[in-house]
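Colleague: all I have is the shape, not the residue letters:
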């Protein structure tokens, strides 16, 4: 910055800023930042929030001046108005927000299941299970319901434990497929 720029009044500095002189706005910043900080401190009460307000106000004023708007002469009055507007806008926004450490109010609460839906699902599962071949029903029953391992069930089925595991896998896949078919048919209007 040259000393000639520092001697200009606010109106001349604003005109120079409009013309693209960044140093002119730097002089305006240095000239008015302390007053803006005092006002922001009174409004915000918090040093960090006050600094944010000052930065945002200067940025808004610079953007307005670069667009050809903003103040023509009374830079400080325009800056203070931008600072106050920013403060009140933030307060309105913050009033709509709820700051909390307790998120339990926003957790999804599962309600009581609908008995009609439970009955439909139970019937669909029973029909799908009944449509399976006997051997598949047996392997599913003993592994899923009785909790037997493939090694325990293998002698009864005359298979290796790996064969029982493969049979159980195929039976579960087919049961799942048939359940979806039954469930789809059960939900269609008749």
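Modeller: Nice, thanks for sending it over. Values in this document were obtained by computation on a predicted structure and should not be read as measured data.
Colleague: contacts, neighbours, all on C-alpha from now
Modeller: OK.
Colleague: next, the contact list for residue 13, please.
Modeller: Neighbouring residues of residue 13 by CA atoms under 8 Å, 6 or more residues apart in numbering: 5, 24, 25, 27, 28.
Colleague: among those, which ones are buried?
Modeller: 5, 24, 25, 27, 28 (16 or more other CA atoms under 10 Å).
Colleague: which of those residues sits closest to residue 174?
Modeller: Nearest to residue 174 among these, counting by CA to CA, is residue 25 at 74.7 Å.
Colleague: wait, the closest one sits on residue 14?
Modeller: Yes: counting by CA atoms under 8 Å, residue 25 touches residue 14, with 7.1 Å between them.
Colleague: and residue 127, helix, strand or coil?
Modeller: Under DSSP: H, G, I helix; E, B strand; the rest coil, residue 127 falls in the helix class.
Colleague: tell me the contacts of it?
Modeller: By CA under 8 Å, 6+ apart, residue 127 lies in contact with 179, 182.
Colleague: state the distance from it to residue 64.
Modeller: Going from residue 127 to residue 64 by CA to CA, to the nearest Å gives 72 Å.
Colleague: and for residue 52?
Modeller: Counting by CA to CA - residue 52 and residue 64 are separated by 18 Å.
Colleague: if you count what's nearby, which of those two comes out ahead?
Modeller: residue 52 (17 against 14; other CA atoms under 10 Å).
Colleague: tell me the buried residues in the helix or strand containing the more buried one?
Modeller: Using DSSP states H and E, residue 52 maps to helix 47-66. Neighbour-count burial for helix 47-66, counted by 16+ other CA under 10 Å, picks out 50-54, 56-58, 60-62, 65-66.
Colleague: can you name the next helix or strand after it?
Modeller: The helix or strand immediately downstream of helix 47-66 is helix 75-96, counting by DSSP H and E.
Colleague: show me what that next one is in contact with.
Modeller: Here helix 75-96 has contacts from 10-11, 14, 32, 36, 39-40, 43-44, 53-54, 56-58, 60-61, 70-71, using CA under 8 Å, 6+ apart.
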